[in-house]
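Participant: sequence unknown, structure follows:
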């Protein structure tokens with residue numbers, strides 16, 4: 001499964017759905033029950049697109065993967081919810097004492 005980088009993020013779509021992490025999930029072929037909290041892959045099935053943060057008044061974030069290219073993405077522009085950011089935040093807290 002590969003992502004087509006010539007169209008990745010252009011126009012609203014489920015651009016991450018064909019990625020290896022979305023196809024395999026976080027179990028890498030193993031059954032994990034219950035799944036870890038950072039195993040939520042609902043963002044794989046959500047629509048998003050690249051936006052110009054200077055022209056987009058809706059919620060948008062700098063891409064962690066394409067940040068060096070100054071890319072910003074938005075789920076809100078595509079009328080969808082950003083579960084990717086929440087999932088990463090929860091994962092970063094795993095194993096930490098609060």
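Facilitator: Ah, there it is. Being a predicted model, the structure only gives us computed values, none of them experimental. Residues are numbered from 1 along each chain as shown.

Participant: Pretty sure residue 21 sits in a helix.
Facilitator: Yes: the assignment for residue 21 is a helix, going by DSSP: H, G, I helix; E, B strand; the rest coil.

Participant: What count of nearby residues applies to the nearest residue to it once chain neighbours are set aside?
Facilitator: Among residues not flanking residue 21 along the chain, residue 41 sits closest, at 7.4 Å (Cβ to Cβ, 6 or more residues apart in numbering). C-betas here are computed from N, CA, C, even on glycine. Using other Cβ atoms under 10 Å, residue 41 has 20 neighbouring residues.

Participant: repeat for the one 5 residues further on
Facilitator: Other residues within reach of residue 46 by the criterion other Cβ under 10 Å amount to 18.

Participant: Assess the claim that it and residue 83 are in contact.
Facilitator: Yes: here residue 46 lies in contact with residue 83, judged by Cβ atoms under 8 Å, at a distance of 6.3 Å.

Participant: give me the element the most centrally placed residue in the chain is part of.
Facilitator: Geometric centre of the chain, nearest residue: residue 84, 4.0 Å, by Cα atoms, centre = their mean. Taking DSSP states H and E as the criterion, residue 84 maps to helix 83-93.

Participant: Let me see the mean pLDDT of that helix.
Facilitator: Helix 83-93 carries an average pLDDT of 65.

Participant: How about the contacts made by residue 63?
Facilitator: For residue 63, the contacting residues are 69, 71, 72, 73, by Cβ atoms under 8 Å, 6 or more residues apart in numbering.

Participant: Relative to residue 48, how far out is the second one?
Facilitator: If I follow you right, that is residue 71. With distances taken as Cβ to Cβ, to the nearest Å, residue 71 is found 11 Å from residue 48.

Participant: and the gap between residue 56 and residue 48?
Facilitator: If you measure residue 56 against residue 48 using Cβ to Cβ, the figure is 12 Å.
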